[in-house]
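*Asks:* Show me how the following folds:
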Amino acid sequence: MDRHYTEEELRLRRLKRRREKLRKQRRNRKLLLILLAAIVVVIIFFIAYLRGAFETRASENMLTVEKNGTIIYEEVQPSTDNAKEIKEFAQKQIEAYNQKEGSEDVKLDRFSTDDDHIYLRASYKDAATYTDFTGYELYVGTVAGAKKAGYDTSDIAVTKVTKSSPKKILVIKEYTAVNVPGTITGYSGSGISITAPGTAEIKKPSTDAPASLVYLLYR
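*Replies:* Predicted coordinates for the structure are as follows:
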């Protein structure tokens with residue numbers, strides 16, 4: 001038999017249902033705000049990722065040899081008003097080279113600006129591609145291969161880093177910092193300073209003398 005509620009009981013039941021509905025709405029709004037906040041955070045991190053905020057970047061011009069032979073060159077220069085033109089020029093040069101070679105051996109991986117600097121990072125299939133594109137002499141390979149290519153490795157001094165026999169050699173004719181995938185065991189040339197086990201800096205002298213060949217042994 002159905003129960004008959006008094007007016008007061010019906011009023012209380014309606015009030016209870018209304019309160020439960022309000023609590024549910026508040027809870028849903030809170031969940032929605034949390035979800036929106038999470039989406040905003042993800043978007044911010046994604047934008048930062050696209051801009052390279054989480055990348056390890058060189059603070060100076062740096063040539064890096066990857067283990068697979070790929071050459072990475074990071075260029076850092078003072079900020080200027082024509083950054084857009086610099087980027088467009090780099091893109092056109094790379095596009096023209098790749099079209100001529102029928103390949104994608106040169107890539108512009110990153111171009112960004114801030115109030116103080118322009119940062120450019122390009123990658124090259126190998127040392128030969130780097131030399132062909134930039135005009136700067138670069139050889140990466142074995143000591144025996146370097147000798148066959150005509151390089152004189154006889155006066156390379158062994159560093160104090162290690163006395164181990166080298167497995168690889170880098171030959172470069174450019175003023176820049178260089179990072180190799182290993183430990184530098186010897187070097188030859190002027191203006192060289194070893195700043196880390198696998199990093200050397202080739203400094204430009206006070207005169208306007210052209211760069212000379214620098215040899216770096218590493219293993």
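
*Asks:* going forward, measure contacts between C-alpha atoms and count neighbours the same way
*Replies:* Noted.

*Asks:* The nearest residue to M62 once chain neighbours are set aside: neighbouring residues, count only.
*Replies:* Among residues not flanking M62 along the chain, A177 sits closest, at 4.6 Å (C-alpha to C-alpha, 6 or more residues apart in numbering). Residues lying near A177 (other C-alpha atoms under 10 Å) number 22.

*Asks:* so what pLDDT did A177 get?
*Replies:* Looking at A177, its pLDDT reads 96.

*Asks:* same deal with F45?
*Replies:* 68.

*Asks:* re the thing from before, these two touch, right, the residue nearest to M62 and S59?
*Replies:* No: applying C-alpha atoms under 8 Å, one finds A177 not in contact with S59, separated by 10.2 Å.

*Asks:* Now Y130. Nearest residue, chain neighbours left out?
*Replies:* Y124 (5.7 Å).

*Asks:* scratch that, A200
*Replies:* I194 (4.3 Å).

*Asks:* Doesn't that neighbour belong to a helix?
*Replies:* No: going by DSSP: H, G, I helix; E, B strand; the rest coil, the assignment for I194 is strand, not a helix.

*Asks:* Distance of it relative to H117?
*Replies:* Using C-alpha to C-alpha, to the nearest Å, we find I194 at a distance of 25 Å from H117.

*Asks:* Show the low-confidence segments of this structure, by residue range.
*Replies:* 1-3, 5, 45-55, 155, 157-166 (pLDDT under 70).

*Asks:* Would you mind finding the longest helix in this structure?
*Replies:* The helix that spans the most residues within the chain, counting by DSSP state H, is helix 7-50.

*Asks:* Show me what secondary structure element comes after it.
*Replies:* Using DSSP states H and E, the helix or strand that follows helix 7-50 towards the C-terminus is strand 62-65.

*Asks:* Can you list the strands that that following strand pairs with?
*Replies:* Its sheet considered, strand 62-65 pairs with strand 71-78 (antiparallel), strand 177-179 (parallel) by DSSP bridges.

*Asks:* now the angle from the following helix or strand past the last one to strand 192-196?
*Replies:* Right, strand 177-179. Where DSSP H and E defines the elements, the next helix or strand beyond strand 177-179 is strand 184-188. For strand 184-188 against strand 192-196, the angle by axes from the mean of the first three to the mean of the last three C-alpha atoms, to 10 degrees is 170 degrees.

*Asks:* Take strand 184-188, keep the C-alpha atoms, and write them as PDB.
*Replies:* What follows is strand 184-188, C-alpha atoms only, in PDB (Å, rounded to 0.1, in the frame of the first residue of the first chain):
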ATOM      1  CA  ILE A 184      89.500  13.000 -26.800                       C
ATOM      2  CA  THR A 185      92.900  11.300 -26.600                       C
ATOM      3  CA  GLY A 186      95.100  13.600 -28.600                       C
ATOM      4  CA  TYR A 187      95.100  16.800 -30.700                       C
ATOM      5  CA  SER A 188      97.200  18.900 -33.100                       C
END
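
*Asks:* tell me the domain ranges of the protein?
*Replies:* Domain ranges of the chain: 1-54, 62-218, per automatic domain parsing.

*Asks:* so how far is the longest helix of the chain from its chain's centroid?
*Replies:* Distance, stretch centre to chain centre, for helix 7-50: 42 Å (C-alpha atoms, centre = their mean, to the nearest Å).

*Asks:* likewise stretch 191-211?
*Replies:* Centre to centre, stretch against its chain (C-alpha atoms, centre = their mean), the figure for stretch 191-211 is 22 Å.
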